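Participant: Kindly generate the corresponding structure for this input.
(chains A, B, C and D)
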There are 2 protein chains.
Amino acid sequence: MRPSRSIPTLDDVAKKAGVSTATVSRCLNSPERVVQTTRKRVMKAVDALGYTPNFGARVMAAKRTFTIGAIIPTMENSIFARGLQAFQEALHTRGYTLLVSSTAYRPEVEEEQIRALVARGADGLLLIGHERDPALYRYLERQAVPALIAWAYAPDMQHPAIGFDNRAAMRLLAEEVIARGHRRIGVISATVKGNDRASERLEGIKDAASAHGIPPEHLCVIETPYGIETGADAMTQLMQELQPPTAVMCGNDVLAAGALRAARAMGLAVPEDVSVTGFDDIELARIVTPTLTTVHVPHREMGTKAAIALIGLVEGGPVGPPVELQISVELRESLGPAKSA
Amino acid sequence: MRPSRSIPTLDDVAKKAGVSTATVSRCLNSPERVVQTTRKRVMKAVDALGYTPNFGARVMAAKRTFTIGAIIPTMENSIFARGLQAFQEALHTRGYTLLVSSTAYRPEVEEEQIRALVARGADGLLLIGHERDPALYRYLERQAVPALIAWAYAPDMQHPAIGFDNRAAMRLLAEEVIARGHRRIGVISATVKGNDRASERLEGIKDAASAHGIPPEHLCVIETPYGIETGADAMTQLMQELQPPTAVMCGNDVLAAGALRAARAMGLAVPEDVSVTGFDDIELARIVTPTLTTVHVPHREMGTKAAIALIGLVEGGPVGPPVELQISVELRESLGPAKSA
DNA sequence: ACTTCAAATGCAAGCGCTTACATTTTTAAT
DNA sequence: ATTAAAAATGTAAGCGCTTGCATTTGAAGT
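Facilitator: So this is what the prediction gives:
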């Protein structure tokens, strides 16, 4: 739809500067290969015309875009934001540009976005979690676009990855909860389908429960989409049971924030009447009242390392083993001893 | 760096299907122009080869990308996230893809990102706020890339825009504060330089102050970068003055959340000892304790309308006047009457 | 069977850029 | 001065795709 009038091309610049297009191209891409005087002349022409190289043409000719794509489930909250920001910064200092798309947790949208980014010549991709259609991995391989998986880790993963063991992390937290005497534990989990992080976290809780003689099926699990509202609703429901739990473990901090709000609305004191835990340690966790006991994830570190690793792959480096990041349990106010029955 | 081996091209598909490249191209872009039987054959070849059109080549030949770029100051918090999500959804249903970049509030990065997106063939751009180097606007015009400005509104704006009047909105809120008897008002503003939203909000407070006989220079203004920590620090500083303010107005909800935390840390009750207000009404505002009095901005509406407007521009529609969205003051717990001296 | 015309397909010219290779200019050594 | 080597620049061949125009095919009408 753009008027073809006026957008200057390499040719225009070349003409204006009285050189060949090759020289202009070299001025832009490897300045050291053209002598000062000509370079100056060319640059002046570039400025005068307000020339910007046409990216499509450039990609086509050069096969390289210095663009990395990231596809995340959502931008609506800070879970990925922090890590992504670090990722972007690290890329930027290394001369790469980041393009982000989000999928609203819908696999078919993810596929679409992956294709869009690949088609746009992304040199590499950052993907969240490892659970997706194998055909997609085959596609990426075929297109020779390296993809790095973040926010997930398992020692036996097929693909380059950087993350942490969601299951073990949540288990660690659950151990803390159980150690404080909680036996009736409610769980508010994010939707498990197509979300390996959510399902692994849930498993982690079950692991701890089994280990301490609590039959996993005694856990009262509510699965709900992402959000503060949904977290609050789930909490309300949990606490209305005949035998309400003494502790509610949430799949992430956002759900936990909702749970906290619901507890307050119901006149329940946290942690006196009921304990609540989260996961991710986003800023929210320190702001809510009471402050939230949660699992701390080194988001920024993950983002930075992901950038370095991905650039390594893009530039032809070898595929290293999955990288596991250390998490830690942050004990804060929202977790207390179980209320004696 | 991709091995040239194997990535299938239009030609490969054409050969495999025994037709010309033109026919394959038509199959992909205007299927109705090719007869069923051939189309099937071609599609089979496409699938068999795992063919994806090369975007660069496509752009170059067709001049149209169905891609919209958005450049936002930060992804680290939900201020833009909510609106952006709506923006993306609206674009998606209309067949456009959204690519996002962030600038960390640095103008030179913004310029870079704008160029990157334009070069990548973005059909249109979403920009936040109107304050930027005029040369950039000229550049966009020259490249014939329509840009829509969001999160800002002023009746006399030169460019297509959708947003709200930050100054008037903040003034409205300030009136409420003053109406409750506050005369010593502290202000925690985001960095004003290069950020018209921040400076207009500040002006809004001054407007209200002047109107009620409070000399604007009596306002105690602290300017600080974005963040919860910085907000908390500013609050601490403010409350240590000899004559601490009875109300602290913050430039956005995130700063206000920090202020609230600092108040608690200092043993100050909100709003009994000091009132606090925010701006934006992000989810945070309802979660903090006490809940935050703030200005509600219709983020999702803004995102959706921005998408529609921008697509209109991209598809050659006329440039409408700036659109003003209605905001409202949300009175919640954090604002109370001034503590009598 | 023989036009006529529309529908389907093929041909080939770019789109704007990079880069191998060829050519010219400069530098330095004899 | 003369010449070889190095440095700077130019030439032109694609990169993979779309699309105007030419050609072929097929259906319909006589």
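
Participant: could you check the distance from A:F80 over to chain B?
Facilitator: A:F80 sits 8 Å away from chain B, taking Cβ to the nearest Cβ, to the nearest Å as the criterion. C-beta here means a position set from N, CA and C on the backbone, and glycine is covered the same way.

Participant: got the contact list for A:L310?
Facilitator: A:68, A:124-126, A:146, A:148 (Cβ atoms under 8 Å, 6 or more residues apart in numbering or on different chains).

Participant: Could you look up the SS state of it?
Facilitator: Look at A:L310: counting by DSSP: H, G, I helix; E, B strand; the rest coil, its state is helix.

Participant: Could you check how far the residue in the stretch 101-250 of chain A that DNA strand D sits nearest to is from B:T67?
Facilitator: Taking Cβ to the nearest atom of the strand, DNA strand D has its nearest neighbour within the stretch 101-250 of chain A at A:A119, 8.9 Å off. Look at A:A119 and B:T67: by Cβ to Cβ, to the nearest Å, they are 10 Å apart.

Participant: Comparing these two, which residue is more hemmed in?
Facilitator: B:T67 (22 against 18; other Cβ atoms under 10 Å in any protein chain shown).

Participant: if I pick the more buried one, what's in contact with it?
Facilitator: Contacts of B:T67 (Cβ under 8 Å, 6+ apart): A:116, A:120, B:96-99, B:120-123.

Participant: Which pLDDT value goes with A:G50?
Facilitator: In this model, A:G50 is scored at 83, pLDDT.

Participant: again but with A:I128, I slipped
Facilitator: Taking A:I128 on its own, its pLDDT is 95.

Participant: which residues does it contact?
Facilitator: Taking Cβ under 8 Å, 6+ apart, one finds A:71-73, A:80, A:149-152 in contact with A:I128.

Participant: Give me the neighbour count for the nearest residue to A:R120 once chain neighbours are set aside.
Facilitator: Leaving aside its chain neighbours, A:R120 sits nearest to B:F55 (4.7 Å; criterion: Cβ to Cβ, 6 or more residues apart in numbering or on different chains). When neighbours are defined as other Cβ under 10 Å, B:F55 has 25 of them.

Participant: The residue of the stretch 101-250 of chain A closest to DNA strand D against B:P53, yeah?
Facilitator: Yes: assessed by Cβ atoms under 8 Å, A:A119 is found in contact with B:P53 at 6.3 Å.

Participant: The residue nearest to A:V46 when sequence neighbours are not counted: neighbour count?
Facilitator: Using Cβ to Cβ, 6+ apart and skipping residues adjacent in sequence, the residue nearest A:V46 is A:V13, 5.6 Å away. As a burial measure, A:V13 scores 26 neighbours (other Cβ under 10 Å).

Participant: Using CSV, write out the CA atom coordinates for the helix or strand hosting A:V13.
Facilitator: Assessed by DSSP states H and E, A:V13 sits inside helix A:10-17. Taking Å, rounded to 0.1, in the frame of the first residue of the first chain, the C-alpha atoms of helix A:10-17 are listed here in CSV:
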residue,chain,number,x,y,z
LEU,A,10,20.8,1.6,-2.8
ASP,A,11,20.8,2.6,-6.4
ASP,A,12,19.6,6.2,-5.6
VAL,A,13,22.4,6.5,-3.0
ALA,A,14,25.0,5.1,-5.4
LYS,A,15,23.9,7.6,-8.1
LYS,A,16,23.9,10.5,-5.8
ALA,A,17,27.3,9.7,-4.5
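
Participant: Tell me how many other residues crowd A:D47.
Facilitator: Quick note: A:D47 (other Cβ under 10 Å) scores 10 neighbours.

Participant: Closest one of the contacts of A:I128 to B:N29?
Facilitator: Of all these, B:N29 sits closest to A:I71, with 25.1 Å by Cβ to Cβ.

Participant: that older thread, most neighbours, which of the contacts of A:I128?
Facilitator: In terms of neighbours by other Cβ under 10 Å, these top out with A:A150 at 30 neighbours.

Participant: where do the helices sit along chain A?
Facilitator: Under the criterion DSSP state H, chain A contains helices at A:10-17, A:21-29, A:36-49, A:55-62, A:78-93, A:107-119, A:134-142, A:166-179, A:196-211, A:228-239, A:253-265, A:284-287, A:299-314.

Participant: right, is the second one up against chain B?
Facilitator: Spelled out, that is helix A:21-29. No: using Cβ under 8 Å from any Cβ of the partner chain, helix A:21-29 never reaches chain B; the gap is at least 11.9 Å.

Participant: What about the contacts of A:I128, which are in strands?
Facilitator: When these are checked against strands (DSSP state E), the matches are A:71-72, A:149-150.

Participant: Tell me which two of those residues sit farthest apart.
Facilitator: Of all pairs in the ones in strands among the contacts of A:I128, the most separated under Cβ to Cβ is A:I72 and A:I149 at 12.1 Å.

Participant: Look up phi and psi at A:V288.
Facilitator: phi -70, psi 160 (degrees, to the nearest 10).

Participant: dump the residue contacts of it.
Facilitator: A:256-257, A:260, A:334, B:287-289.

Participant: between the helices of chain A, which gets the lowest average pLDDT?
Facilitator: helix A:55-62 (a mean of 82).

Participant: and that helix, what other elements does it pack with?
Facilitator: Here helix A:55-62 touches helix B:55-62, going by 3 or more Cβ pairs under 8 Å, 6 or more residues apart in numbering or on different chains; DSSP states H and E.

Participant: and with 10 Å instead?
Facilitator: Applying 3 or more Cβ pairs under 10 Å, 6 or more residues apart in numbering or on different chains; DSSP states H and E, one finds that helix A:55-62 contacts helix A:21-29, helix B:55-62, helix B:107-119.

Participant: so the residue nearest to A:V46 makes contact with A:I7?
Facilitator: No: using Cβ atoms under 10 Å, A:V13 makes no contact with A:I7, being 11.9 Å away.

Participant: intersection of neighbour lists for these two?
Facilitator: Both A:V13 and A:I7 are contacted by A:49, A:51, under the criterion Cβ atoms under 10 Å, 6 or more residues apart in numbering or on different chains.

Participant: Which of the contacts of A:L310 fall in strands?
Facilitator: A:68, A:124-126, A:148.

Participant: out of the residues you listed, who's near chain B?
Facilitator: When contact is defined as Cβ under 10 Å from any Cβ of the partner chain, the ones in strands among the contacts of A:L310 meet chain B at A:G124.

Participant: Now render the ones in strands among the contacts of A:L310 as a markdown table, adding distance to DNA strand D.
Facilitator: Formatted as a markdown table, these follow (distance: Cβ to the nearest atom of the strand, whole Å):
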| residue | distance to DNA strand D |
| --- | --- |
| A:I68 | 21 |
| A:G124 | 19 |
| A:L125 | 19 |
| A:L126 | 25 |
| A:L148 | 25 |
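
Participant: Considering the ones in strands among the contacts of A:L310, which is situated nearest to B:R138?
Facilitator: A:I68 (29.7 Å).

Participant: ok, now how distant is the closest one from A:L173?
Facilitator: From A:I68 over to A:L173 (counting by Cβ to Cβ), the distance is 32 Å.

Participant: and what of A:G278?
Facilitator: With Cβ to Cβ as the criterion, A:G278 and A:L173 are 9 Å apart.

Participant: which residues are common contacts for those two?
Facilitator: A:249, A:293-295, A:330.

Participant: Export the residues you listed as a markdown table, with columns for pLDDT and distance to A:L28.
Facilitator: Compiled in a markdown table, the shared contacts of A:G278 and A:L173 are given as follows (pLDDT from 0 to 100; distance: Cβ to Cβ, whole Å):
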| residue | pLDDT | distance to A:L28 |
| --- | --- | --- |
| A:M249 | 98 | 56 |
| A:T293 | 98 | 54 |
| A:T294 | 98 | 49 |
| A:V295 | 98 | 48 |
| A:E330 | 97 | 49 |
